[in-house]
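**Student:** sequence first, then the predicted structure, then my questions.
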Amino acid sequence: MSLIMLSSPHAHGGDSIRLMMFTVVLALLPAAAVSIYLFGWLAFLLIVSCMLSALLTEAVCLKMMKRPLSTLLDNSAALTGLFLALTLPATTPWWMAVLGSVFAIILGKQVYGGLGHNIFNPALSARVILLISFPLSMTTWIMPMSSAAPALNLFDFSTCATIFFHGTNALLTSSHLSLDAITMASPLGHIKTEATLGVPIADALNAYDYSYLDAFLGFEAGSIGETSALALFIGGIFLLARHSITWHIPFAYIGTVLLLAAIFNQVAPDQFATPMFHLFAGGLILCAFFMATDPVSSPVTPVGQIVFGVGCGVITWSIRSFGGYPEGAMFSVLLMNCAVPLIDHYFRPRVYGHHVDDQDMGKS
Amino acid sequence: MPAMLRTLAQKLGLMAHTFPGGIHLDMHKLSAAAPIEDAGISPVLILPMKQHIGVPCTSMVKIGDKVLRGQKIAKSEGYLSVPVHASTSGRIVKIEEHAIAHPSGMGMPSIFIEADGDDNRDESLEPITDWRNVDPTILRERARMCGLAGLGGAVFPTFIKLVQDRRFPIETVILNGIECEPYLTTDHRLMVEQASEILDGMAIIMHMVGSSAGIIAIEDNKTDAAESMQEALTNKDGMDGVHIEVLPTRYPQGSEKQLIYTLTGREVPAGKLPMHIGVLCQNVGTTKALRDAVILGQTLTERIVTISGDALPRPANLNVRIGTPIRSLFARQGLEDFSNIQVVHGGPMMGERLRHPDIPVVKSTSGILALSQQAINAAHTVENPCIRCGHCSEACPASLVPNLLADLCRSDQLEKAEDYQLFDCIECGACSYVCPSNIPLVHYFRYGKGQISLARREQVFAEASRQRSEGRDTRIERENAEKAARRSRVRKTHAPKPAAEPTTEAAASTDTGSTTHPDTKPTPEEKS
Amino acid sequence: MTEFALILLSAVLVNNYVLTKFLGICPFLGTSSKVETAIGMSFAVMFVMTLASTASWLVQQYVLIPLDLQYLQTIFFILIIASLVQLIEMMIHKTSPVLYQALGIFLPLITTNCAVLGVAILNVQQKQTFLTSALYGGGAAIGFALVLILFAGIRERIDVSPVPAAFKGSPLALITAGMMSLAFMGFSGLVKV
Amino acid sequence: MESMNGLIYALASLGAFALCAGIVLAIAQKIFHIEGDPMIDNVDALLPQTQCGQCGYPGCKPYATAVAGGEAEVNHCVPGGERTMLQIADLMGVEPKELEQEASAPMLAFVREDECIGCTLCIKACPVDAIIGAPKQYHTIIADHCTGCTLCVEPCPVDCIDMLVKPELIEHWAWPLPDTKRSQLGHERREQHAGHA
C-alpha cells in the first residue's frame, strides 16, 4: 500500500471541467444553428475559424509554457472561440476573427496563468479589443437571409468565401453593389442615430419596420449569435436545468434592465425604449445567460452574483440609453468583471452560527 | 437572498427547516440488511491510551497483570477525558507504542492484552435499574467511569454533555439516528434490532438533563429503522414527549449543528455548544452504551462496527471488542490480500485512509471500509485549476466559500482565512465531492487549520519567552545597578581595594542562591 | 443639481483620470498590490486632490489673477499640493503607522502625482467656478479611488495565480490596466460635459 | 520698472504663501507628533523570541529595532524561517529576500546530568531563564521554556549539553500541503492506466 497522504473525502461525484464546458457548448448549439440559418456560410466559416484558431493558440501557449497539452481537452478554448464567433458581425474577415481568437486566448486567458485565473471574460475582452480597433467592421451588419429581400445569397459558398477571405469591399467591387444595399443598421444602432436627430423612438422603430416577433425569433441584423432570443433562451434554460449556472446572474441582470427600461419608458416614452425592445435587442440575452455567467470571471457567492447581475444591468441600460455606443452589454460585463474580486470579498454568505442575534441564549 | 426566502417560507409554514447546502450521495449501504453478528474475541487486544477527544490516559497496569473484562486499565488525566477498560479478561503482555487510525502514521502508547478465553467480567459496578430515582450527578459519574464517548465518530466524552445547568436548561433531546455517511449501517442496524434498549438510554438522558421533549431523527432511506423505533416508542411508557422525525436523505444531515438547525430552526452560535440553545444531541450507539452502563453496570468494551466497501467480499455489521485488530475482522469477512485495496477508517466522506490494516478497533471506529484502488483513485485524481463554478459554496452546509478559502490556505494567507471563518468548516467533504476540478478542498482546510494552530502555539510560546527574556533583562539591570551602587559605597569606605569586592560579593550571592527558582538564581557575572 | 451630478459622473467614470486620461499611473501601479493599502492611498489622494483643487482655484482667483502672476501657476499649485501632502503624511504616520509603512515612498510622491496637478490646472483652464472645481476635484479623486481599489482587488487575485514568469508583476498589471481602460471606454459619450 | 514690480510681487507673494504653508505645517507637526517608532513593537511581535542572536543582534528586540529603523534586512531571523521573513517584509512594505540560512528542525537543549559539574555558566547564558539549578548541583533545562537557541552549549566547560530534535506530538501534528504528493498519485495512476492499456 502506498504512503501518500490523502485527506478525506474518499469519494467524488464525478463532475469535471470538461463536462461542464461541454454542457455550455451544447447550450450554444441552438444559437449557432440559428446563426447559420440567418447568415449561411459566413456564420459557419466564422465559427469554425474562431474555434480552430482558439484551439491552436491555446496549444501553442501550453507548449511554450511547458504545461501538459491534455488541458486542451477541457473544451474551454473551443468554448472561448465559439463565444467570440457568436459575438462577431457576419462580415468579419478571417484575419480579424483569427486575431480576435488569439487575443482572447493570450491576453484574455493565458497571461493570467490559464484556465481559472483570468479576470476578464476572454471572449468579451477580445470582442471589445476588436470593436475599439476596427469600429467600422464591427458595426457593419449584413442583411440576414430572413429579410424580405436579402441582397446576397449567403448560402452561396463562393459569395461568402469572397467576403470572408477577401473582405466585403472585394465583393462589392466584383458585384457592383453598394455597401448600403447589402447592410442594414441593427435596431439599437438605428434608434441611437435617430435619437441624435431628435426622432422619437416609436417613430424610429416604425420607420425601421421593427416587430417584436422578429426580434424574438432573431430575424434582425446583429452579431451572428445574439439575434435570436428564442434560441438563447432555450440554451439558457438548458444550462439552468443542468445546473451549470444558477439563476442569480441572468435574472438579476435581465430584471434590472427590464425594470429600468420600464420605469424610464413610462416617464419619457419618446426618449427611452420599451423593456421588451431592450430584452430582445443586441447581446443582452447572450451576455446574461452565457457571458456574465462565465464562472471564472463572475462572483462565486449567490449574493455576489446578484450584485454582479444588477451592476451589469444598470451599466448596459445606461450605455444603451445615454452612451456613445449603441450596445453596452459587452462593456457592462467587462466592467463588472473588474469588480468581481471585491464583490467576492464583501458579499460572502453568513456563515452558520455567526451573527445569530434573534436567538435567545439560554435563560439567565 | 435565498436564505431570506427560505426563512420566509419557513415562517409561513410552507417549508420545513433545512440546513443550507448539502449534497446527495451514492449511499452504498451494502450491509443494511445484515443482522449484527458477534465477532468473537481476538487472541490479543490492543488498547490505545487515548480513544476520545481530549487528554490522554495513563496506564494503571503493568506487564503480567491479570485483568477482567470491563476493568479500568488506564485512568483519565484531567477533566476532558474518560478512562480505558480491558475489553476481555486476560494478561497484560506489553505496553508500547502501536499504530492507530491517525493520518500522521504516528503511534500511540497502547496496552496489549492476551485474552485468556474465559471472558470473565469485572462486576464491581452495581446495575442501577431504578435510575429514575437516582440523582443525575451519580448517573453522570457512571457515564464517565464507564468510558463513554460519542460513538458516532467524534468521541467527545459523553458525560460532559449530560449536565443540568440552570442557565441553559435543555429543552429538547435529539437522538441522532441519521447516519448520513455512505456504507455505514451501525446505527441503522442498532435501531432495527435494539430499539427498546435505545429508548431506555434516551429516557435516561432525558432524566439526567431534566427534559421531557425529545426527537428521534432518522433519514428516509432507513424506513425499517423508523418503523422499529416507532413500534418500540408506542410500547414504551413515559416517553410521550418524544416523537420520530423522518427527514429526507441529504449529506451531511447527521452533523450535529446541521441536524439541530433542521429540527429546531435554530443555529448553534459560533464558539458555543448546543446546550447554549437548549438542545442536547446524542448518537444512537452512545445512547445504547449509556443504557448498558447504567442498567447493566457495564463499561464500554465493545461497539458495533460496519465492515464494508466495494472490495470486501462479505459486508457485515459486527459487534466487536474494542482493541480487536481490524486485519482479523477483514479476514473474518473474507479479505486477506490488501495489494490493490485501500482501507478507510470511518466513512468515505470523513474517515481516514489507513496506511495499513494493522490498527485496533477503537471507540471511534464506526466502520472500516476496504475500497478498491480504482474507487480511491477516482476520488483523488490530479488537481485542476479552480474555475470558480461555485458548486462548493452551494454544497457547503456551513455557508462558507470553500474555493476562496482554499486559495487563502494554499497561499498561506492564514489571517484572512481565519477572517473567512476557516474554523467553522466541519470537514464534511461535500465541497471536495462536488468539485469538478478535483481540488482536495478539505485537505487545504486541514493544512490551513494546522498552520494556524501552529502559529498560535508559537505566538503563545514567543510571548512567554519574551516575558522571560524581558524579566531577565530587567533583573540583570537592577542587579547591576545595585552592585554599582554598592561598589560606589564600598569605594568610599574602602578606597584602597575596590577590585576584590565584586568577587567576594558574587561568591556570597551564589552561596545563598541555592533555591532552584530561576528568578532568584545567582547574579550573572559582569562583563569586564 | 443635475448638472452637478453629471460633473461628478463625468469625473468619476467617463473622464476617469487614470483609465481615460492616463494620469497618475505611478501610484496606480505602485500602491495597488493590496486592497487595504489602496484604500489608504485612496483616502490620502481624495484629501489632497479635493483640497488642492479648491485651494488652487482660490489662489488662482484671488492671488494670481489680481497680481497678474499666472505664469507662476505651476509653482504655486505644487506648493499647495506639497504642503497638503506633508500634512496628510503626518496624519497617517500618527494614526496608522502600518499604513504609513505600506505606502512608503508613494505617500510623499502624491506631490508628483500628475493627476493632482492635472485636476488643479484643468479646473483653471476650463474656467470652472469654485463649487464645480471642488466637485471636479472630488469626482476625479473618487474616480481614482474607484479604479485603484478595483485594481488592487484584481491584483490580489492575480498574486495567487500561476502567472507565466514573463508576465509576473508589472507586465500583467499593465495589461490588466489596459483591459480596464478598454472596458471604461464603454462609458465614452455617456455624459456630455 | 514694470518687470521689477512684477518680480517683487511674485517673490513677495510666493514667499508669503510659503511662509503660511510652513506655519500650518509646523503647527501640524506639533499636533501629530509621535513618540518613538511604533513599528519596533510591530516587528518584534512577529519574531519568535528565541533571543538566539543568530541575526547578529543581541536579541529579538534589538533586531526589531534595527529592522524598523531600516538598518537591517528582513531576512536575518533564522529560527523564524521563511514565514517570519515574509511577514516582516509584508509589514515593512519591502521585497522579500532569500533566507541566508535554512531553519533547522526545532531543537531542545538537554543536560546530561551525570556529567554536569554545576558551574552555572549555562544558567547565566540562557536568555529566557529556562535552566534551573544551583552551584555544584545538576542543572536541568525546562523543556517547555527552552527556545532551542543553543547559547548554553558554548559556555559549558564539560560539554554536557546536547541539542536534541524537539519530539513531535501527535496532538500537534499538522497536515502538509496536498500538491506534490497528489501529483505523485496522479503519476502513479497514469502509469497504471498505461499499464492496463
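**Tutor:** Nice, thanks for sending it over.
**Student:** could you find the closest non-adjacent residue to C:Ile25?
**Tutor:** For C:Ile25, ignoring the flanking residues on the chain, the nearest one in space by Cβ to Cβ, 6 or more residues apart in numbering or on different chains is C:Val18 at 6.7 Å. C-beta here means a position set from N, CA and C on the backbone, and glycine is covered the same way.
**Student:** so what does the one you found look like in phi/psi?
**Tutor:** The phi and psi values for C:Val18, taken as degrees, to the nearest 10, are phi -80, psi -50.
**Student:** list the contacts for the residue most central in space within chain A?
**Tutor:** Closest to where the C-alpha atoms of chain A average out (Cα atoms, centre = their mean) is A:Cys287, at 3.9 Å. A:Cys287 sits next to A:Leu124, A:Tyr253, A:Cys312, A:Thr316, A:Ala329, A:Met330, A:Ser332, A:Val333 when contact means Cβ atoms under 8 Å, 6 or more residues apart in numbering or on different chains.
**Student:** now, the residues you listed that are in helices?
**Tutor:** Counting by DSSP state H, these place A:Leu124, A:Tyr253, A:Cys312, A:Thr316, A:Ala329, A:Met330, A:Ser332, A:Val333 in helices.
**Student:** mind picking the two most distant members of these?
**Tutor:** A:Leu124 and A:Tyr253 (13.9 Å; Cβ to Cβ).
**Student:** the two - which one has more neighbours?
**Tutor:** A:Tyr253 (32 against 29; other Cβ atoms under 10 Å in any protein chain shown).
**Student:** just to check, that one is in contact with A:Ile306?
**Tutor:** No - taking contacts as Cβ atoms under 8 Å, A:Tyr253 lies outside contact range of A:Ile306: 9.4 Å.
**Student:** list the buried residues of the longest helix along chain D.
**Tutor:** Using DSSP H, we find that the single longest helix of chain D is helix D:2-31. By 16 or more other Cβ atoms under 10 Å in any protein chain shown, the buried positions in helix D:2-31 come out as D:Tyr9, D:Ala10, D:Ser13, D:Leu14, D:Phe17, D:Ala21, D:Leu25, D:Ala28.
**Student:** how many neighbours does A:Ser16 have?
**Tutor:** Neighbour count of A:Ser16, defined by other Cβ under 10 Å: 17.
**Student:** give me every residue that touches it.
**Tutor:** By Cβ under 8 Å, 6+ apart, the contact list for A:Ser16 reads B:Pro436, B:Ser437, B:Asn438.
**Student:** could you list the buried residues of stretch A:265-284?
**Tutor:** Residues A:265, A:272-284 are the ones in stretch A:265-284 that count as buried (16+ other Cβ under 10 Å).
**Student:** how far does that stretch sit from the chain's center?
**Tutor:** Put simply, stretch A:265-284 sits 19 Å off its chain's centre (Cα atoms, centre = their mean, to the nearest Å).
**Student:** tell me which element the closest residue to chain A within chain C falls in.
**Tutor:** Here chain C gets closest to chain A at one residue, C:Gly189, 2.2 Å apart by Cβ to the nearest Cβ. Assigned by DSSP states H and E, C:Gly189 falls within no helix or strand.
**Student:** ok, now B:Leu263?
**Tutor:** Going by DSSP H and E, B:Leu263 is in helix B:256-264.
**Student:** what does that helix rub up against?
**Tutor:** Helix B:256-264 is contacted by residues A:352-353, B:16-19, B:22, B:172, B:174, B:176, B:178, B:215, B:217, B:245, B:247, B:252-253, B:266-268, B:274, B:277, B:279, B:281, B:397-398, B:426 when judged by Cβ under 8 Å, 6+ apart.
**Student:** again, only using 7 Å
**Tutor:** Residues from elsewhere that reach helix B:256-264 (Cβ atoms under 7 Å, 6 or more residues apart in numbering or on different chains): A:352-353, B:17-19, B:172, B:174, B:176, B:178, B:215, B:217, B:245, B:247, B:252-253, B:266-268, B:274, B:279, B:281, B:397.
**Student:** ok, stretch B:50-68 next?
**Tutor:** Contact partners of stretch B:50-68, identified using Cβ under 7 Å, 6+ apart, comprise B:49, B:72-78, B:80-84, B:86, B:89-95, B:108, B:111, B:113, B:120-122, B:149, B:154-157, B:362-364.
**Student:** if we can go back for a sec, and the buried residues of stretch A:265-284, which two are furthest apart?
**Tutor:** Pairwise distances among the buried residues of stretch A:265-284 were taken by Cβ to Cβ; the largest, 20.3 Å, belongs to A:Asn265 and A:Gly283.
**Student:** for the residue positioned nearest the centre of chain D, give me the pLDDT.
**Tutor:** When Cα atoms, centre = their mean is applied to chain D, the residue found nearest the centroid is D:Leu47 (3.5 Å). On pLDDT, D:Leu47 comes in at 88.
**Student:** thought it was touching D:Gly80?
**Tutor:** Yes - applying Cβ atoms under 7 Å as the test, D:Leu47 and D:Gly80 come out as touching, 6.2 Å apart.
**Student:** on contacts alone, who are the packing partners of the helix or strand bottoming out on mean pLDDT in chain C?
**Tutor:** Of all helical and strand segments in chain C, the minimum by mean pLDDT, DSSP states H and E falls on helix C:97-103, at a mean of 80. Packed against helix C:97-103 by the contact rule (3 or more Cβ pairs under 7 Å, 6 or more residues apart in numbering or on different chains; DSSP states H and E) you find helix C:35-59, helix C:73-95, helix D:38-46, helix D:81-92.
**Student:** out of those helices, which one sits most buried?
**Tutor:** Of all the helices and strands packed on helix C:97-103, helix C:35-59 has the most neighbours on average by mean count of other Cβ atoms under 10 Å in any protein chain shown, namely a mean of 22.
**Student:** quick one: that helix near chain D?
**Tutor:** No - using Cβ under 7 Å from any Cβ of the partner chain, helix C:35-59 stays clear of chain D, coming no nearer than 7.5 Å.
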